[in-house]
Every structure is written in structure tokens, then in C-alpha cells.
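# coords please:
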Amino acid sequence: MTEPLTLAAGEEHDEPPPRGRGRRGLLIGTAVLVLGAVAAGGVVLSSRTDGPDAPAAGPRTGTAAVVRTDLVQSERIDGTLGYAGSYTVTAPRAGGIVTWLPDVGATIARGQRAYAVDGVAVPLFYGATPLYRTLEEDVDDGPDVRVVKRNLKALGYGDELADDSRFTPGTAEAVRDWQEDLGRERTGKVAPGDVLVEPGPVRVTEIPGIVGAPAEGPLLHLTGTRRIVTVDMPVGRQQLAGKGAAVRVRLPGGKATDGKVSRVGTVARAAASGGPDRPAQGAPGDATVPVEVTLSKPADVGALDGAPVQVDFTSERRDDVLAVPVPALLALAEGGYAVETPEGRLVPVTLGVFAQGRVEVSGAGLREGMRVEVPLP
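Numbers count the residues shown, from 1 in each chain. Below you'll find the predicted structure:
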């Protein structure tokens with residue numbers, strides 16, 4: 001759809017330049033333009049007129065084609081690469097000695113040992129409801145029962161278990177089979193502390209617990225295993241981060257990967273905090289909301305964790321428009337802009353979006369594929 005931007009060498013002519021070029025100084029008031037900060041950064045238009053010190057041959061120019069393309073204007077905001085979720089594992093009840101803990105960075109999946117007390121492994125179950133009571137036959141129905149049944153079935157126990165909240169004799173039998181394989185007493189009961197329940201697989205980030213110490217207080221700090229980027233989005237630019245919006249994540253070292261906005265916070269917070277004894281610092285305009293970006297290809301980030309990244313959010317998009325390189329623009333003495341053909345004809349243009357080194361242009365006389373002059377570096 002688009003033609004790559006290629007600058008051809010300036011064309012030579014055996015005959016004198018067309019008369020239109022001789023009038024150029026009258027049409028162009030000034031040829032050094034600064035177009036401010038144009039979304040993607042500042043854009044400077046190079047000089048296109050002969051200054052007092054210009055060589056007699058005039059400025060070196062090439063040509064580029066007017067292309068039909070899509071222009072995407074973006075804003076770049078700092079973010080941090082990490083993992084989704086944050087969980088603290090606390091000993092469910094006093095008593096017992098911690099006999100095993102995982103290493104920092106370890107990943108724990110369903111059914112695997114999360115920690116051990118008195119030599120008994122506590123495995124990980126997936127679910128949204130932790131165990132808060134002893135589950136056995138005739139216990140009242142509840143979501144914690146569903147958590148146990150789903151995990152037992154996923155681990156290969158009780159293939160015929162229904163996906164419901166009833167603790168049936170079949171559920172008790174599946175529990176006994178599971179307990180036997182773990183080396184536990186076959187009671188058919190599941191008590192709080194027998195399993196650790198988290199939403200999914202987890203990654204160990206910190207270990208406050210100590211092997212050989214009493215099992216009490218925090219034992220582990222965990223995160224999920226899904227890679228995300230967290231951005232503190234200024235409230236004034238929150239409209240850039242629509243849920244599901246595509247973004248580009250720029251990683252340390254220059255590599256980039258794609259992502260999508262997966263969550264936008266609803267509570268603004270101060271940009272900086274003075275600590276517990278001082279109020280938050282910063283003006284109200286400095287407040288931010290947390291924005292979460294999910295990576296389309298998590299493998300692209302490797303083992304990076306806590307690394308600073310930059311996220312490009314689309315601020316404006318124009319599809320199927322005519323565009324020229326920004327330096328092709330000429331400022332007219334009477335106001336407005338034009339582009340110049342190799343024959344010296346000035347074509348007035350109306351400007352649109354600036355992005356990717358190009359600018360959207362429209363106007364009578366423009367057509368896809370026509371050549372316009374561009375100063376050479």
C-alpha cells in the first residue's frame with residue numbers, strides 16, 4: 001500500500017531552470033521552519049532558500065514520492081516490566097516447623113509443593129476461594145468445595161466428579177486417593193492449611209519465612225507468571241489507554257514488542273508521596289492512574305524483571321491518506337504550505353497528522369506517486 005521513502009539524487013538539467021524556480025524567493029517567506037513539538041517529538045524543516053552564504057549551485061535536493069499510507073501518531077510513556085498479581089502466603093495456623101521453602105524465582109504450578117511444615121508438603125491448588133473450614137462429607141455446599149473438586153479432577157483424581165459445590169462420598173474417596181499419594185493419612189477430609197489456593201501458577205519473589213523456624217507469619221511473597229508492563233499514566237492523558245488498545249513496548253537494548261492494554265485503573269494517585277509523616281507531594285495535575293499492558297509475545301522480554309521500558313500509545317491515527325516527508329514542506333510568504341515538483345511548480349497543501357517522519361497532505365494537484373523535492377542531508 002505504501003511506497004518506501006527513497007531519496008533519489010537531484011536531477012540535472014542541460015537547460016536553465018524553469019521560470020517558476022526563479023520566482024521561488026518571492027513565494028517563500030522563510031525557509032527555516034520549526035514545527036514545534038509534533039506528537040512524536042519536534043520536527044525541524046531544513047532551509048530551502050539560498051542564504052547569503054549559499055553556494056552558487058544552490059542547495060542539494062533529491063526527490064521523494066507522494067505516498068498513500070496509514071499514519072499513526074503516538075505518545076511515549078515510561079513503564080516497568082514485571083509480573084501480574086501479588087500474593088503473600090501466611091501460615092494458616094500457629095504450630096509446626098517450616099521444613100522446606102522454594103527458591104526465589106521458582107515457578108510453582110498446580111499440585112506442586114509450595115512449602116512444607118513438619119515434613120508434610122503443602123501443594124498449590126488453583127482457585128478464587130481459599131479454604132476457610134474443614135471440608136468433609138455432609139458439609140454445607142460452598143465455593144471452596146468446588147475449588148477442591150476441580151483441582152482433584154485436574155490432577156487425575158475423581159474423573160467422575162461433578163463440577164458443583166457438593167462434597168459427596170465420591171469427593172471424599174478422591175480426597176483419600178490424593179492423600180495416599182502425598183503420604184498423608186487417608187481421612188477423606190481437607191482442612192485449611194492442607195493446600196495453598198492462588199488464582200493460577202505463581203512465581204516466588206521473596207521468602208520471609210525461615211526453614212527450621214516456627215510456621216507463623218508470612219512465609220512467601222508471590223506473583224503470577226503472566227508478563228505485564230505497568231504504566232503510571234498521567235490523568236490528563238488517560239484517554240490514550242483504552243482497554244484493548246494496541247501499543248508498542250520498547251525494551252532495554254532497543255528491541256520492541258507488541259502489547260495490548262488489559263486493565264486501566266479507576267483510582268488516581270499522587271505522583272509522589274512524602275511518606276507516612278508527610279502529605280503526598282505534587283500538584284493535582286501530576287496524579288496518575290495505573291495501566292496494565294499484556295504482552296503479545298512474552299518470550300520477547302526473556303528473563304527481564306523490574307526493567308524500565310517505554311510504551312507507545314496511539315494518540316491519533318489516519319488511514320489511507322496522502323503523505324510526504326516532512327522536510328518537503330515549504331512555507332509560503334502569504335501563509336500556508338506547499339510542496340515543489342522537480343519542474344519547479346509549487347503545489348499548495350493542507351497539513352494533517354505528523355508521524356513517522358511524514359506529514360499528511362491534501363490539496364488540488366496532489367496525486368499518489370508524484371515526485372516532490374526534498375533537501376538532501
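# show the contacting residues for the residue positioned nearest the centre of the chain.
The C-alpha lying nearest the average C-alpha coordinate of the chain belongs to Val293 (Cα atoms, centre = their mean; 3.6 Å). Counting by Cβ atoms under 8 Å, 6 or more residues apart in numbering, Val293 touches Gly79, Ile228, Val229, Thr230, Val231, Val247, Val249, Gly259, Lys260, Val261, Ser262, Val311. C-beta here means a position set from N, CA and C on the backbone, and glycine is covered the same way.
# contact partners of stretch 174-188?
120-121, 123, 136-137, 148-149, 152-153, 155, 157-158, 161, 172-173, 189-190.
# and the residue nearest to the centre of the chain, bridged to which residues?
Beta-bridge partners for Val293, by DSSP bridges, are Val229, Val261.
# ok, Trp100 next?
Taking DSSP bridges as the rule, Trp100 bridges to Ala116.
# check the gap between it and Glu198 for me.
18 Å (Cβ to Cβ, to the nearest Å).
# nearest spatial neighbour of Ala268, chain-adjacent residues omitted?
Once flanking residues are discounted, Ala268 sits nearest to Ala287: 4.3 Å by Cβ to Cβ, 6 or more residues apart in numbering.
# quick check: the one you found vs Gln310, distance?
Counting by Cβ to Cβ - Ala287 and Gln310 are separated by 21 Å.
# settle it for me: which of these two has more neighbours?
A count of neighbours by other Cβ atoms under 10 Å puts Ala287 above the other of Ala287 and Gln310, at 19 against 16.
# dump the residue contacts of the more buried one.
Ala287 touches Pro234, Val235, Ala268, Arg269, Ala270, Ala271, counting by Cβ under 8 Å, 6+ apart.
# pick out the lowest-pLDDT one from the residues you listed.
Scanning the contacts of Ala287 for pLDDT, the low point is Ala271. It has 62.
# in this structure Leu161 contacts Thr171, no?
Yes. At 6.3 Å, Leu161 counts as touching Thr171 under the criterion of Cβ atoms under 8 Å.
# for Gly224, which non-adjacent residue is closest in space?
Gly85 (3.6 Å).
# check contacts around Thr225.
Per Cβ under 8 Å, 6+ apart, neighbours of Thr225: Tyr83, Thr107, Gly200, Pro201, Val202, Arg203.
# for ChimeraX, write the selection for the buried entries among those residues.
Buried residues within the contacts of Thr225, by 16 or more other Cβ atoms under 10 Å, are selected in ChimeraX with:
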select :83,201,202,203
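# and which of the contacts of Thr225 is nearest to Glu373?
Tyr83 (52.1 Å; Cβ to Cβ).
# give me the below-cutoff pLDDT ranges for the protein.
The model of the chain has pLDDT under 70 over residues 1-59, 94, 271-285.
# report the longest helix in it, please.
helix 169-182 (DSSP state H).
# what are the buried residues along that one?
Those would be Thr171, Ala172, Ala174, Val175, Arg176, Asp177, Trp178, Gln179, for helix 169-182 by 16+ other Cβ under 10 Å.
# quick one, phi psi at Ser315?
phi -100, psi -30 (degrees, to the nearest 10).
# give me the neighbour count for it.
16.
# distance of it from Thr99?
In terms of Cβ to Cβ, Ser315 sits 55 Å off from Thr99.
# tell me where the stretch 201-350 of the chain has helices.
Per DSSP state H, counting those that start in this stretch, the stretch 201-350 of the chain carries no helices over any range.
# swap in the stretch 1-150 of the chain?
19-22, 24-27, 143-154.
# need the phi and psi values for Asp305.
phi -150, psi 130.
# which strand residues bridge the residue nearest to it when sequence neighbours are not counted?
Nearest residue to Asp305 in three dimensions, chain neighbours excluded: Gly82, at 6.3 Å (Cβ to Cβ, 6+ apart). On the basis of DSSP bridges, Gly82 is bridged to Ile228.
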